[in-house]
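In: Below is the structure, and that's it, no one-letter string:
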């Protein structure tokens, strides 16, 4: 039974799945909007929201916690200095998922995830 099982496996083992999420989050922070499959967008959304919530309070411990997830100083810097200050007064819902028509070759549901 699948009780109490959260998240999608996306046909990947744990390591490659974590690497995929880290890469998607990196690309989202850099370009502030990415187009990917709907399942991947829905999976990274809570991860990104938690990172932004941490980044709203700029402290050394929060920077270290965010760096543990991203492993990239430029991403951490952009998150803390440019992205998070825009959402100081907002209590959540920092990202938006916009659905697109299915991809031609494999009919995968497509979506874009972007910062509001």
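Out: Received the coordinates, thanks. Nothing here was measured: the structure is a model prediction, and the numbers come from that model.

In: hey, let's count contacts and neighbours off CA atoms from now on
Out: Fine.

In: where along this protein do the strands fall?
Out: Assigned by DSSP state E, the chain shows strands spanning 33-37, 95-100, 110-115.

In: Now render the ones you listed as JSON lines, adding distance to residue 58, mean neighbour count and mean pLDDT.
Out: Formatted as JSON lines, these follow (distance: least, Cα to Cα, whole Å; neighbours: other Cα atoms under 10 Å; pLDDT from 0 to 100):
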{"stretch": "strand 33-37", "distance to residue 58": "24", "mean neighbour count": "18", "mean pLDDT": "96"}
{"stretch": "strand 95-100", "distance to residue 58": "20", "mean neighbour count": "16", "mean pLDDT": "96"}
{"stretch": "strand 110-115", "distance to residue 58": "19", "mean neighbour count": "19", "mean pLDDT": "96"}
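
In: I'd like these laid out as a markdown table, including distance to residue 62.
Out: Shown next, in a markdown table, are the strands of the chain (distance: least, Cα to Cα, whole Å):
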| stretch | distance to residue 62 |
| --- | --- |
| strand 33-37 | 24 |
| strand 95-100 | 20 |
| strand 110-115 | 20 |
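
In: quick one: which of the ones you listed is nearest residue 14?
Out: strand 33-37 (18.8 Å; Cα to Cα).

In: Check which strands are paired with that closest one and give the direction for each one.
Out: Within its sheet, and counting by DSSP bridges, strand 33-37 is paired with strand 110-115 (antiparallel).

In: that older thread, how about the strands of the chain, which one is nearest residue 85?
Out: strand 110-115 (12.7 Å).

In: Give me the residues contacting that closest one.
Out: The contact list for strand 110-115 (Cα atoms under 8 Å, 6 or more residues apart in numbering) reads 28, 32-38, 41, 45, 94-103.
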